[in-house]
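Undergrad: take a look and give me a structure for this.
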Amino acid sequence: MNIYKYAMKLEKDSENYYRELVDKIEDVGLKNILKMLANDEVKHYHIIEQMMKTDVSAELAETEILENAKNIFIKIKGKNLVFDFDLPQINFYRKAQEMEEKSYKFYIKMSDKVEIESQKKIFLKLAGEEKKHMFLLENLVEFVSRPETWIENAEFNHLDDY
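TA: Below is the predicted model of the structure:
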């Protein structure tokens, strides 16, 4: 399997996983976050597809997923909902983190292997997007584990750093 097809498979697997998770949870806000993650994976899939066709003009647009997710978390926290998540549900999010980390490492590795500069930049940008997803999922795990202290997390209050 060539690197582009493998990358597309990673993105498709992640998209499918997020869409499966949407069906397993009740909270509308968390569903929206998972849908945003799935939609980002679709964008990544299409940009890789363009790269595979050696489209040197392929570009990956910046996403605002972290800022959008933060707003959703704040709205959920404002409702003072009590989450009753059991360990298996939190583990779903941890599995998603692992998938994002695998993609992140793959894109870093590929950025060193490709010879076309524009593709190198796209792989690095994809790695950055996956890093944002890892960070978001880390915060999602923390949020559902301890929603009363989540917003005090200094890291999430510095989203602009990501």
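Undergrad: contacting residues around E15?
TA: Counting by C-beta atoms under 8 Å, 6 or more residues apart in numbering, E15 touches 38, 41-42, 45. Bear in mind the C-beta positions are built from the backbone N, C-alpha and C, glycine included.
Undergrad: if you rank those residues by neighbours, which is first?
TA: Ranked by the number of neighbours (other C-beta atoms under 10 Å), the contacts of E15 place E41 first, at 26 neighbours.
Undergrad: what sits closest to that residue if chain neighbours are left out?
TA: In this structure, E41 finds its nearest non-sequential neighbour in E15, 3.8 Å apart by C-beta to C-beta, 6 or more residues apart in numbering.
Undergrad: how near is the one you found to K9?
TA: 11 Å (C-beta to C-beta, to the nearest Å).
Undergrad: now do the contacts for Y17.
TA: Residues counted as contacts of Y17 (C-beta under 8 Å, 6+ apart) are 95-96, 99.
Undergrad: out of these, list just those in strands.
TA: Using DSSP state E, no member of those falls in strands.
Undergrad: pick the one among those closest to I25.
TA: Proximity of the contacts of Y17 to I25 (C-beta to C-beta) peaks at A96, which lies at 12.2 Å.
Undergrad: check that closest one and give its pLDDT.
TA: pLDDT recorded at A96 is 92.
Undergrad: so which helix or strand takes in Q119?
TA: Element membership of Q119 [criterion: DSSP states H and E] is helix 117-145.
Undergrad: report the buried residues of that helix.
TA: Residues 119, 122-144 are the ones in helix 117-145 that count as buried (16 or more other C-beta atoms under 10 Å).
Undergrad: reformat the contacts of E15 as TSV; add secondary structure, pLDDT and distance to E20.
TA: Listed next are those as TSV, based on DSSP: H, G, I helix; E, B strand; the rest coil; pLDDT from 0 to 100; distance: C-beta to C-beta, whole Å:
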residue	secondary structure	pLDDT	distance to E20
A38	helix	95	10
E41	helix	94	13
V42	helix	95	15
Y45	helix	93	17
